[in-house]
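*Asks:* A predicted structure for the sequence below; I have some questions about it.
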Amino acid sequence: MTNEVKVLITQYRNENGVLKDDSKKEVVIKAMRPYQFFAITKVLKTLINELNADENINGALVGLFDTVEEGMDTKDLLSALSAQFVKDSAGSIGFLLEVAPESALELISILSEVHPEQLKLQEMDTFFDVVDAIAEVNDLAKVVERVKKSTKSFQKSLKWGEKVTQATLSPVN
């Protein structure tokens, strides 16, 4: 993992309703900060709730996560996707096209700190340079594991599980 990666993007401006290539701007992609993690968590929660509301996608997601094993790399994960996922999601292609692109763009915007409107206007190679830079400076699997570990430690130290159990089993007066 590198600490930061620089990507050159095109800045656009709106001049009387016409987008003009204004200049080039160097964007420095850095490792995720807590405020970014909290922001992407919120976006992901909203996306998951929207996807769960659709029965076809929900079935596909359940099947997808059943195939995920610890230590899988992206190539293994993609090859593990079954024909069942394609079948389950086939009824929801329109929904995926409507919801997922905006959420993906928002996630990339949060992690790159580039406005979504500017990201949308980039050439595809530049857009994916930004995505690659985010992946290069962030070990997202490690972040998720660290969050799980710290949450578990925090809950244990506060004995939240015990308190929740007591609160739910206590008779209400």
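*Replies:* Yep, that arrived.
*Asks:* all strands in this protein, in order from the N-terminus.
*Replies:* 4-15, 18-30 (DSSP state E).
*Asks:* Serialize the ones you listed to JSON lines and add fields for distance to residue 43.
*Replies:* Placement of C-beta: from N, CA and C, glycine included. As requested, the strands of the chain are arranged in JSON lines below (distance: least, C-beta to C-beta, whole Å):
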{"stretch": "strand 4-15", "distance to residue 43": "21"}
{"stretch": "strand 18-30", "distance to residue 43": "18"}
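*Asks:* Which of those sits closest to residue 126?
*Replies:* Closest approach to residue 126 among the strands of the chain (C-beta to C-beta): strand 4-15, 5.7 Å.
*Asks:* Can you dump the C-alpha atoms of stretch 28-35 in PDB for me?
*Replies:* As requested, the backbone C-alpha atoms of stretch 28-35 are provided in PDB (Å, rounded to 0.1, in the frame of the first residue of the first chain):
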ATOM      1  CA  VAL A  28      -4.100  13.400  -4.500                       C
ATOM      2  CA  ILE A  29      -5.800  10.200  -3.400                       C
ATOM      3  CA  LYS A  30      -5.000   9.500   0.200                       C
ATOM      4  CA  ALA A  31      -5.800   6.600   2.600                       C
ATOM      5  CA  MET A  32      -9.300   6.800   4.000                       C
ATOM      6  CA  ARG A  33     -10.000   8.900   7.000                       C
ATOM      7  CA  PRO A  34     -12.700   8.200   9.600                       C
ATOM      8  CA  TYR A  35     -15.100  10.800   8.200                       C
END
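*Asks:* Quick check: the gap between residue 147 and residue 101.
*Replies:* According to C-beta to C-beta, to the nearest Å, residue 147 and residue 101 sit 26 Å apart.
*Asks:* burial of residue 7, as a residue count?
*Replies:* When neighbours are defined as other C-beta atoms under 10 Å, residue 7 has 20 of them.
*Asks:* Apologies, that question was intended for residue 169.
*Replies:* Residues near residue 169, counting by other C-beta under 10 Å: 7.
*Asks:* which residues does it contact?
*Replies:* Contacts for residue 169 (C-beta atoms under 8 Å, 6 or more residues apart in numbering) come out as none.
*Asks:* Roughly how far does it sit from residue 159?
*Replies:* Distance from residue 169 to residue 159, by C-beta to C-beta: 15 Å.
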